[in-house]
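Colleague: After the sequence you'll find the predicted model.
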Amino acid sequence: MDNGGAYGEHLPAVPAWLNKGDNAWQMTAATLVGLQSMPGLVILYGSIVKKKWAVNSAFMALYSFAAVLICWVLLCYRLAFGDHLIPFWGRGNVSLSQQFLIGRAEVPASGHMFRNGTVETRPNEPFFPMASLVYFQFTFAAITTILLAGSVLGRMNIKAWMAFVPLWLTFCYTVGAYSLWGGGFLYHWGVIDYSGGYVIHLASGISGFTAAYWVGPRLKSDRERYVPNNILLMLAGSGLLWMGWSGFNGGAPYAANLISSLAILNTNISAATSLLVWTSLDVIYFGKPSVIGAVQGMITGLACITPGAGVVPSWAAIVYGVLSGSIPWYSMMILHKKSTLLQQVDDTLAVFYTHGEAGFLGGLLTGLLAHPSLCQMILPVTNTRGAFYGDGYQFVKQLVAALFIIAWNFVSTTLILLLIRVFIPLRMPEEQLLIGDDAVHGEEAYALWGDGERFDATRHNAQEMDQRELSNGIRVIEL
């Protein structure tokens, strides 16, 4: 059957409502966000941890990405973006029918009404198919669970994690997503969360911190010396995370428009500023710059600008960067060491600070700095603006929304873990904690030997070692 080629006037695969440019950008943005997780965070997690946990940490991220996608299309997409059910949840359903996926994308509960019942803003209907929207929002859900995993690396029972991911996605993530993005009560109240400062970063930080408490700390030996096994590979994963953020914030408007361009620029300005501020504080306080610290500063800058990337002017992105590079730095490097309470919770990758605190800070800054003309271009509630432009109540809205996300994630994560604990231990057995990847998965990250293991002559065939290497000073084994 001849359909007129790729550029014919009447193509069945190109309906009148489809904007090819917007659709191409949305698929590109979704791919960029997906690359942040696969392979970005897989590489980052596998390299930033101690060698004995490299495989386990990477696998937790890999498993999450796959599990979230299946749960997303079977139920969770419509819980987060479907028809209205209750103020914080949509009507869950399967998102696999052909008719649904090739139809025009729509967020049905996003239409906003004036108090007198007349329409203020019509439901959000991007100019691309539902399949693009389902996949784009999946990548956000996936990266949120993977960020949460950073809090419990190095000791959580992998079977417990496999049960935790679908439950947390269903009962935690979808609530925040619907409330703030899908047409829930915070969305219609006028709370601004441009691209996930609350839905993603605050949620993963609070839930990760809560999970770290219930799972318990790593072994003392792992906590005291948790040296990254490959800093250069860690930088590669961090680079994918940073560059992928252009899709993260650039895809949020559901169009290749003015807001998406501004959001991408603001994202990179904030990340660069935060990295430089964090590194400068390391030099001032510790006398030398830290590569790991620079990565942490980059991440806090990215997380902080996310709730306001498309609704604040670019000079404000520098403000976000300065504050996200200094306030979380102080919390991690100074306050944490002085607080007995904070030290009792072993948050492996400090997700509470780099994502939770940074997302919270960014949400509040957006309540101050959101520009009215930018808000008018994208937000459903007219006359939305930050406190610096005349609406101090917007800051109150941002604070209340943050408290809701904090409370919901703390309570729900606790209940989910307590339920799982009835059937599966949350923590690895002692033998696995001592050995690491080889005991948990039967695999190791590198074909190298020597990370504190005891020498086993039968395993390592010591009788055939090249004595010339030993005499030349090459350290082959640790006794």
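Modeller: Noted; the coordinates are in hand.

Colleague: Now do the same contact list for the residue lying closest to residue 133 once chain neighbours are set aside.
Modeller: In this structure, residue 133 finds its nearest non-sequential neighbour in residue 105, 4.1 Å apart by CB to CB, 6 or more residues apart in numbering. C-beta coordinates here come from the backbone N, C-alpha and C atoms, glycine included. Counting by CB atoms under 8 Å, 6 or more residues apart in numbering, residue 105 makes contact with 125-126, 128-130, 132-133, 254.

Colleague: try 10 Å
Modeller: With contact taken as CB atoms under 10 Å, 6 or more residues apart in numbering, residue 105 is in contact with 17, 22-23, 26, 81, 124-134, 136, 254.

Colleague: Filter these down to the buried ones.
Modeller: 22-23, 26, 81, 124, 126-134, 136, 254 (16 or more other CB atoms under 10 Å).

Colleague: Give me the subset of these that lies in helices.
Modeller: Mapping those onto helices (DSSP state H) picks out 22-23, 26, 81, 130-134, 136.

Colleague: how about the residues you listed in JSON lines, adding distance to residue 223 and pLDDT?
Modeller: Formatted as JSON lines, those follow (distance: CB to CB, whole Å; pLDDT from 0 to 100):
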{"residue": "22", "distance to residue 223": "48", "pLDDT": "96"}
{"residue": "23", "distance to residue 223": "48", "pLDDT": "97"}
{"residue": "26", "distance to residue 223": "43", "pLDDT": "97"}
{"residue": "81", "distance to residue 223": "40", "pLDDT": "96"}
{"residue": "130", "distance to residue 223": "46", "pLDDT": "97"}
{"residue": "131", "distance to residue 223": "45", "pLDDT": "97"}
{"residue": "132", "distance to residue 223": "44", "pLDDT": "97"}
{"residue": "133", "distance to residue 223": "42", "pLDDT": "97"}
{"residue": "134", "distance to residue 223": "40", "pLDDT": "98"}
{"residue": "136", "distance to residue 223": "38", "pLDDT": "97"}
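
Colleague: What is the nearest of these to residue 110?
Modeller: Comparing those against residue 110 with CB to CB places residue 81 closest, at 8.5 Å.

Colleague: The closest one contacts residue 180, correct?
Modeller: No: contact criterion CB atoms under 10 Å: residue 81 and residue 180 do not qualify, at 11.3 Å.

Colleague: give the contact list for residue 425.
Modeller: Contacts of residue 425 (CB under 10 Å, 6+ apart): 156-157, 159-160, 215.

Colleague: Inside strands: which ones of those?
Modeller: Within the contacts of residue 425, no residue falls in strands by DSSP state E.

Colleague: Just flag the most distant two among those residues.
Modeller: 159 and 215 (12.8 Å).

Colleague: Now for the two: what residues contact both?
Modeller: Contact criterion CB under 10 Å, 6+ apart; residues shared by residue 159 and residue 215: 425-426, 428.

Colleague: Redo those residues as CSV? Include secondary structure, distance to residue 357 and pLDDT.
Modeller: As requested, the shared contacts of residue 159 and residue 215 are arranged in CSV below (DSSP: H, G, I helix; E, B strand; the rest coil; distance: CB to CB, whole Å; pLDDT from 0 to 100):
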residue, secondary structure, distance to residue 357, pLDDT
425, coil, 30, 97
426, coil, 25, 97
428, coil, 28, 96
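
Colleague: Let me know the closest of those residues to residue 265.
Modeller: Distances from residue 265 to the shared contacts of residue 159 and residue 215, taken by CB to CB, are shortest for residue 426, at 42.7 Å.

Colleague: count of neighbours near that closest one?
Modeller: Per other CB atoms under 10 Å, the neighbour tally for residue 426 reads 21.

Colleague: Residue 117 now?
Modeller: Residue 117: 6 neighbours (other CB under 10 Å).

Colleague: Give me the pLDDT value at it.
Modeller: Per-residue confidence (pLDDT) for residue 117: 73.

Colleague: Make 52 the starting number, not 1.
Modeller: Yes, from this point I'll number from 52; that puts the last item at residue 168.

Colleague: From residue 495, how far out is residue 269?
Modeller: 19 Å (CB to CB, to the nearest Å).

Colleague: likewise residue 69?
Modeller: Distance from residue 69 to residue 495, by CB to CB: 49 Å.

Colleague: same deal with residue 481?
Modeller: 19 Å.

Colleague: Which one's more surrounded, these two?
Modeller: residue 495 (17 against 9).

Colleague: for the more buried one, what are its contacts?
Modeller: 102-103, 105-106, 486-489, 502 are the contacts of residue 495 under CB under 10 Å, 6+ apart.

Colleague: Which one of those is nearest to residue 299?
Modeller: Distances from residue 299 to those, taken by CB to CB, are shortest for residue 105, at 25.7 Å.

Colleague: Do a quick rundown of the helices in the stretch 252-401 of the chain.
Modeller: 254-266, 271-275, 282-301, 309-337, 342-356, 365-381, 387-389, 391-394 (DSSP state H, counting those that start in this stretch).

Colleague: by contact count, what packs against the third one?
Modeller: With contacts taken as 3 or more CB pairs under 10 Å, 6 or more residues apart in numbering; DSSP states H and E, helix 282-301 sits against helix 71-86, helix 93-99, helix 105-122, helix 181-200, helix 309-337, helix 342-356.

Colleague: name the helices or strands packed onto the lengthiest helix in the chain?
Modeller: The residue-count maximum for a helix in the chain (DSSP H) belongs to helix 444-474. When contacts are defined as 3+ CB pairs under 10 Å, 6+ apart, helix 444-474 packs onto helix 209-219, helix 225-228, helix 236-240, helix 254-266, helix 409-420.

Colleague: switch to 7 Å and redo it
Modeller: If you count contacts as 3 or more CB pairs under 7 Å, 6 or more residues apart in numbering; DSSP states H and E, helix 444-474 packs onto helix 209-219, helix 236-240, helix 254-266, helix 409-420.

Colleague: what is the orientation angle of the third one with helix 181-200?
Modeller: If I follow you right, that is helix 254-266. Orientation check (axes from the mean of the first three to the mean of the last three CA atoms, to 10 degrees): helix 254-266 against helix 181-200 gives 40 degrees.

Colleague: Dump helix 254-266 to PDB, restricted to CA.
Modeller: Taking C-alpha atoms only, helix 254-266 is exported to PDB below (Å, rounded to 0.1, in the frame of the first residue of the first chain):
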ATOM      1  CA  ALA A 254      10.700  12.600  47.400                       C
ATOM      2  CA  SER A 255      13.800  10.500  46.700                       C
ATOM      3  CA  GLY A 256      15.800  12.300  49.500                       C
ATOM      4  CA  ILE A 257      13.100  11.800  52.200                       C
ATOM      5  CA  SER A 258      12.300   8.200  51.200                       C
ATOM      6  CA  GLY A 259      15.900   7.300  50.900                       C
ATOM      7  CA  PHE A 260      16.700   8.700  54.300                       C
ATOM      8  CA  THR A 261      13.800   6.800  55.800                       C
ATOM      9  CA  ALA A 262      14.800   3.600  54.100                       C
ATOM     10  CA  ALA A 263      18.400   4.000  55.300                       C
ATOM     11  CA  TYR A 264      17.000   4.200  58.800                       C
ATOM     12  CA  TRP A 265      14.900   1.000  58.600                       C
ATOM     13  CA  VAL A 266      17.500  -1.000  56.700                       C
END
